[in-house]
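Asker: I'll drop the sequence and a predicted model, then ask my questions.
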Amino acid sequence: MTPIYNGMPAGLLGSEGWRKPWSGPNGGNCLEAMKLADGRVALRQSTDPEGPALIYTSAEMTAFIEGAKAGEADFLLS
């Protein structure tokens, strides 16, 4: 089994299981996410499916999503 690490080629994680929870306004460039068997989450850019995958723990993703919902990332929109 291939070890899973931050920055690994996303193609090594396979092509099944990727979802597009965040999509650009025209349905083009998208951030894709995959829940890994150990509970971590992998993210990749849809336009570069063989590029690097960013790997986050469940706790990191929870903190990010809850923070975004609370407006803590609104500064990124202006």
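Answerer: In hand now; what should we look at?

Asker: okay, CA-based contacts and neighbour counts for the rest of this
Answerer: Fine.

Asker: Tell me who's in contact with residue 43.
Answerer: Each residue near residue 43 by CA atoms under 8 Å, 6 or more residues apart in numbering is listed here: 31, 32, 33, 34, 53, 54, 55.

Asker: average model confidence for the host helix or strand of residue 62?
Answerer: Per DSSP states H and E: residue 62 is located in helix 58-69. Mean per-residue pLDDT for helix 58-69: 95.

Asker: swap in stretch 2-15?
Answerer: For stretch 2-15, mean pLDDT is 94.

Asker: and residue 31, what are its bridge partners?
Answerer: Here residue 31 sits in beta bridges with residue 22, residue 45, as judged by DSSP bridges.

Asker: That one and residue 8: what is the separation?
Answerer: Distance of residue 31 to residue 8, given as CA to CA, to the nearest Å: 16 Å.

Asker: for the contacts of residue 43, which one is nearest residue 12?
Answerer: Nearest to residue 12 among those is residue 53, at 9.3 Å by CA to CA.

Asker: isn't the closest one right next to residue 12, touching?
Answerer: No - judged on CA atoms under 8 Å, residue 53 makes no contact with residue 12 at a distance of 9.3 Å.

Asker: Same drill for these two, tell me which one is more crowded.
Answerer: Neighbours were counted for residue 53 and for residue 12 using other CA atoms under 10 Å; residue 53 has more, 26 against 14.

Asker: Can you read off the pLDDT for the more buried one?
Answerer: The model's pLDDT for residue 53 equals 98.

Asker: No more questions from me, cheers.
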